[in-house]
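Visitor: The sequence isn't on hand, but the structure is:
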């Protein structure tokens, strides 16, 4: 699978998990939206979101890395990076 | 004013022999059981005297409407209780509607949520979550350190391979779960049902080991009869599994488990001369919907049976052994009968505690004969399911209610040489059962009994 295809797939899977965990009805999520402010995510939701992402990608995200994720795009880029490095 | 009566209007079950009440009851009547060798991987960690258990079938949580988030944040002991509660509510003819999509919570339509309660029992709560997170806590860093060292040391191929075997045994989950506290706490079992179905009356978890399920239904019965609530979810749930077999080992090392495992299908023999201990079950749950009788009748609820009496006593004798004279068991039986305003001769059927241990069965059989004589029907649901600890009393109350409803009951499986002349159930034919007793005795010394009666037509 090419890098570009893999990247699109990662984005789709991240968005699927975000919609599932936050029970969002919308079909479109702004990748640059602030997770905490625009998506109204509290700290418990955030932990839940990352647990679900770990489950989706069968990977662990170290606790110290969580601070860096301000937007959905940050998450997508991080997971793409992990997959490329693996 | 007439005393308030209590109806069983719904039953939900997850068990080794069925993941719905219908399947469970059909398999009970066919004397099916689910006996298997213990998982091979447990033997990497310890030697065991018993070698069989009664596992649960794989449970499709998504089919019960449970989300990935719920599955990640909830111990199986609570997940299976949610499945059974949903079935019980639906079987009671009650409708649920989605209340909060993100939380995946529901409201039961047509009930006063402040006058509904949850009364659940569990022996150990979320012990699987405790074990697996503790394993992560203890093993994750040492394992990484040893891996690092393995790479740095000049090891022979043989030494490196031996170290890999040890590292593989240091198995643990990938991350320490941030929700572990709410997963392992015993009260999660009742709390999760209150949240899931938006029930805001009394919400209580009873942890009385093997009597937990019976106590919970008894307390729910009392709460409805006294007027505290009009409706309750009640029962018990247990999930006793972890990847290294440590929970099984606790019971095994105490010599409580079935010893003679040469023929796994006949090893579990409550009330038989050749009994050698109880069959350990991976778990199970039963949830009963109890309702104030007249209210249930007004809404045309399906009334499966009536709960008419309850009693508890305590041995005050030993943490792990019942008192051999059974004095407190006898007192409990007589108190339960008095509570139901029945005489011993009114009881047609007893669902016994019947574990298959030497002392339990002889004591129980002796006391049953002393109080009820030899003519009362007796069976042991543990002869089919093995011992589901905190769920057992609830599963047995479910069997008792279904026996009253269907006027038949299951056999006492593998009973070849009975230890007494009691009328043990040997065939599943039609019976006349008007009143029945379901009883449980627990580590610690707790005794509890429910009296159930046939619903009026």
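Guide: Cool, the structure landed. Since we're looking at a predicted model, the values are computed, not measured. Numbers count the residues shown, from 1 in each chain, chains lettered A, B, ... in the order given.
Visitor: List the buried residues for the lowest-mean-pLDDT helix or strand in chain A?
Guide: None of the helices or strands of chain A scores lower by mean pLDDT, DSSP states H and E than helix A:3-22, at a mean of 85. Within helix A:3-22, the residues that qualify as buried are A:7, A:10, A:11, A:14, A:15, A:17, A:18, A:20, A:21, A:22, counting by 16 or more other C-beta atoms under 10 Å in any protein chain shown. All C-beta spots, glycine's among them, are computed from the backbone N, C-alpha and C.
Visitor: One more: stretch B:369-379?
Guide: In stretch B:369-379, counting by 16+ other C-beta under 10 Å, buried: B:369, B:371, B:372, B:376, B:377, B:378, B:379.
Visitor: one step back: among the buried residues of helix A:3-22, which are in reach of chain B?
Guide: For chain B, the contacts drawn from those by C-beta under 8 Å from any C-beta of the partner chain are A:20, A:21, A:22.
Visitor: ok, so of those, who is nearest residue B:183?
Guide: Residue B:183 lies nearest to residue A:21 out of these, by C-beta to C-beta, at 17.5 Å.
Visitor: The closest one reaches residue A:46, doesn't it?
Guide: No. Counting by C-beta atoms under 8 Å, residue A:46 is not a contact partner of residue A:21; they are 9.7 Å apart.
Visitor: Could you list which of the buried residues of stretch B:369-379 belong to strands?
Guide: Among those, the ones falling in strands (DSSP state E) are B:377, B:378, B:379.
Visitor: Quick check, the residue in chain A closest to chain B?
Guide: At 3.8 Å from chain B, residue A:23 is the closest residue in chain A, using C-beta to the nearest C-beta.
Visitor: Just give me the neighbour total for that residue.
Guide: Each residue near residue A:23 was counted by other C-beta atoms under 10 Å in any protein chain shown, and the total is 13.
Visitor: Now do the contacts for it.
Guide: Contacts for residue A:23 (C-beta atoms under 8 Å, 6 or more residues apart in numbering or on different chains) come out as B:101, B:102.
Visitor: For the worst-scoring helix or strand of chain B on mean pLDDT, buried residues please.
Guide: Every helix and strand of chain B was ranked by mean pLDDT, DSSP H and E. The lowest is helix B:157-169, at a mean of 92. Residues of helix B:157-169 classed as buried by neighbour count (16+ other C-beta under 10 Å): B:163, B:167.
Visitor: Residues contacting that helix, please?
Guide: Helix B:157-169 is contacted from outside by B:44, B:45, B:143, B:146, B:147, B:150, B:155, using C-beta under 8 Å, 6+ apart.
Visitor: Without its sequence neighbours, what residue ends up closest to the first one?
Guide: In this structure, residue B:44 finds its nearest non-sequential neighbour in residue B:169, 5.4 Å apart by C-beta to C-beta, 6 or more residues apart in numbering or on different chains.
Visitor: Make JSON lines from the ones next to chain B among the buried residues of helix A:3-22 and add distance to residue B:116 to it.
Guide: Shown next, in JSON lines, are these (distance: C-beta to C-beta, whole Å):
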{"residue": "A:20", "distance to residue B:116": "30"}
{"residue": "A:21", "distance to residue B:116": "29"}
{"residue": "A:22", "distance to residue B:116": "30"}
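Visitor: Can you tell me which of those is closest to residue B:249?
Guide: residue A:21 (37.0 Å).
Visitor: measure the closest one to residue B:455 for me?
Guide: To residue B:455, residue A:21 is 44 Å away according to C-beta to C-beta, to the nearest Å.
Visitor: Identify the residues contacting residue B:242.
Guide: Per C-beta under 8 Å, 6+ apart, neighbours of residue B:242: B:127, B:128, B:131, B:132.
Visitor: Show me the two of those that sit farthest apart.
Guide: By the measure C-beta to C-beta, B:127 and B:132 form the most distant pair in the contacts of residue B:242, at 9.7 Å.
Visitor: what about the strands in chain A?
Guide: For chain A, no strands are identified by DSSP E.
Visitor: Spell out which residues of it are next to chain B.
Guide: Contact residues (C-beta under 8 Å from any C-beta) of chain A with chain B: A:20, A:21, A:22, A:23, A:47, A:48, A:51, A:52, A:54, A:55, A:59, A:60.
Visitor: ok, the last one - contacts?
Guide: Residues touching residue A:60, when contacts are defined by C-beta under 8 Å, 6+ apart, comprise A:54, B:174, B:175.
Visitor: quick one, helices of the stretch 251-400 of chain B?
Guide: All helices of the stretch 251-400 of chain B, identified by DSSP state H, counting those that start in this stretch, fall at B:293-298, B:327-339, B:358-372, B:382-385, B:392-406.
Visitor: Take these and write them to CSV, including distance to chain A and mean pLDDT.
Guide: Output for the helices of the stretch 251-400 of chain B, formatted as CSV (distance: least, C-beta to the nearest C-beta, whole Å; pLDDT from 0 to 100):
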stretch, distance to chain A, mean pLDDT
helix B:293-298, 34, 97
helix B:327-339, 44, 98
helix B:358-372, 43, 97
helix B:382-385, 31, 98
helix B:392-406, 31, 98
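Visitor: and of those helices, who's closest to residue A:86?
Guide: For those, distance to residue A:86 was read as C-beta to C-beta. The smallest value, 44.4 Å, belongs to helix B:382-385.
Visitor: and stretch B:66-85, is it in reach of chain A?
Guide: Yes. Stretch B:66-85 lies within reach of chain A by C-beta under 8 Å from any C-beta, at B:67, B:68, B:69, B:72, B:73.
Visitor: Quick one: end-to-end distance for that stretch.
Guide: End-to-end distance for stretch B:66-85: 12 Å, by C-alpha to C-alpha, to the nearest Å.
Visitor: Only the buried residues of that stretch, if you could.
Guide: So stretch B:66-85, judged by 16+ other C-beta under 10 Å, has buried residues B:66-70, B:72-85.
Visitor: which bits of chain B sit near chain A?
Guide: B:67, B:68, B:69, B:72, B:73, B:101, B:102, B:174, B:175, B:177, B:178, B:179.
Visitor: need the contact list for the residue nearest to the last one when sequence neighbours are not counted.
Guide: Among residues not flanking residue B:179 along the chain, residue B:73 sits closest, at 4.4 Å (C-beta to C-beta, 6+ apart). Listed by C-beta under 8 Å, 6+ apart, the contact set of residue B:73 reads A:48, A:51, B:177, B:179, B:182, B:183.
Visitor: circling back: just the closest of the contacts of residue A:60 to residue B:335, please.
Guide: For the contacts of residue A:60, the nearest to residue B:335 is residue B:175 (49.7 Å; C-beta to C-beta).
Visitor: Around that closest one, how many other residues sit close by?
Guide: A count of nearby residues for residue B:175, using other C-beta under 10 Å, gives 18.
Visitor: which residue of chain B sits farthest from its center?
Guide: Centroid-distance maximum for chain B: residue B:154 at 52.9 Å, with C-alpha atoms, centre = their mean.
Visitor: how much space between the nearest residue to residue B:401 once chain neighbours are set aside and chain A?
Guide: The spatially closest residue to residue B:401, leaving aside those adjacent along the chain, is residue B:305, at 4.0 Å (C-beta to C-beta, 6+ apart). With the distance defined as C-beta to the nearest C-beta, to the nearest Å, residue B:305 ends up 39 Å from chain A.
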